[in-house]
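Enquirer: the amino acid sequence is not available; the structure is as follows:
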């Protein structure tokens, strides 16, 4: 199980990737997806990519 610090780190990385993508810089998001693929496999990376795309396209704060 992940600890609170790991969850916070992952959440910060995700929100950073969202902010960068909204500004036109897609490298942080690409790096995030690559990391998920390495740690958890292609299926998890595909899910993470969809979630990232949905959040970038939403009006939610990042």
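Expert: In hand now; what should we look at? The shown structure was predicted, so the numbers you read here are calculated from the model rather than taken from an experiment. Residues are numbered from 1 along each chain as shown.

Enquirer: what pLDDT does residue 12 get?
Expert: For residue 12, the pLDDT comes out at 96.

Enquirer: can you count the residues close to it?
Expert: The tally of other residues near residue 12 (other CB atoms under 10 Å) stands at 10. All C-beta spots, glycine's among them, are computed from the backbone N, C-alpha and C.

Enquirer: roughly how far does it sit from residue 46?
Expert: Look at residue 12 and residue 46: by CB to CB, to the nearest Å, they are 22 Å apart.

Enquirer: same for whichever helix in the chain runs longest, what does it pack against?
Expert: Taking DSSP state H as the criterion, the chain has its longest helix at helix 4-22. Here helix 4-22 touches helix 27-40, helix 42-57, going by 3 or more CB pairs under 8 Å, 6 or more residues apart in numbering; DSSP states H and E.

Enquirer: possible to save those as JSON lines with mean pLDDT?
Expert: Shown next, in JSON lines, are these (pLDDT from 0 to 100):
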{"stretch": "helix 27-40", "mean pLDDT": "96"}
{"stretch": "helix 42-57", "mean pLDDT": "97"}
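
Enquirer: and the residue lying closest to residue 32 once chain neighbours are set aside, what pLDDT?
Expert: Nearest non-adjacent residue to residue 32, counting by CB to CB, 6 or more residues apart in numbering: residue 17, 4.9 Å away. The per-residue pLDDT reported for residue 17 equals 98.

Enquirer: thought residue 35 was touching residue 17, still the case?
Expert: No - Residue 17 is beyond contact range of residue 35, at 10.5 Å (criterion: CB atoms under 8 Å).

Enquirer: looking at these two, which one has more neighbours?
Expert: The residue with more neighbours, out of residue 17 and residue 35, is residue 17; 24 against 14, by other CB under 10 Å.
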